[in-house]
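**Student:** Let's see this in three dimensions:
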Amino acid sequence: MIWQDIVIMIGVFGFSFALIPSILGKHKPAKSSCALSAALATMILICFASLGLWLSVVAEMVSVTTWLILLIQKRHEHISVLGSK
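**Tutor:** Numbers count the residues shown, from 1 in each chain. Predicted structure coming up:
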């Protein structure tokens, strides 16, 4: 195990942890921000996998999942607003 894998894992888990208030709160980021972040995090995940940085891959999976949760929440928020009109 290389030290960079551990450092990247800790950093990515930190970024994912920072999204918890957004997931639990009322206000969500824009759908475009969520979708772009999820797509870019997926690309990073693939790069980590190609380098054999498996701890980083797991952490990046969590990151992708948090961005997808926010995207789904924002989509449901948008549908709820349309339904109440």
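**Student:** Packing partners of the worst-scoring helix or strand of the chain on mean pLDDT?
**Tutor:** Averaged element by element with mean pLDDT, DSSP states H and E, the chain has its least confident helix or strand at helix 54-83 (a mean of 89). Counting contacts by 3 or more Cβ pairs under 8 Å, 6 or more residues apart in numbering; DSSP states H and E, helix 54-83 is packed against helix 3-18, helix 20-24, helix 31-50. All C-beta spots, glycine's among them, are computed from the backbone N, C-alpha and C.
**Student:** try 6 Å this time
**Tutor:** Helices and strands in packing contact with helix 54-83 are listed as helix 3-18, helix 31-50; criterion 3 or more Cβ pairs under 6 Å, 6 or more residues apart in numbering; DSSP states H and E.
**Student:** What average pLDDT does the first one get?
**Tutor:** The one in question is helix 3-18. Per-residue pLDDT values across helix 3-18 average out to 97.
**Student:** got it, and stretch 40-48?
**Tutor:** Computed over stretch 40-48, the mean pLDDT rounds to 98.
**Student:** got the buried residues for that stretch?
**Tutor:** For stretch 40-48, the neighbour count (16 or more other Cβ atoms under 10 Å) marks 41-42, 44-45, 48 as buried.
**Student:** sorry, back to before: out of the helices and strands packed on helix 54-83, nearest to Leu68?
**Tutor:** Closest approach to Leu68 among the helices and strands packed on helix 54-83 is made by helix 31-50 (5.3 Å; Cβ to Cβ).
**Student:** Give me the angle between that closest one and helix 54-83.
**Tutor:** The directions of helix 31-50 and helix 54-83 differ by 160 degrees, with axes from the mean of the first three to the mean of the last three Cα atoms, to 10 degrees as the criterion.
**Student:** count of neighbours near the closest residue to Cys34 other than its chain neighbours?
**Tutor:** Nearest residue to Cys34, sequence neighbours excluded (Cβ to Cβ, 6 or more residues apart in numbering): Leu71, at 3.8 Å. A count of nearby residues for Leu71, using other Cβ atoms under 10 Å, gives 21.
**Student:** Since that was my last question, I'll sign off now.
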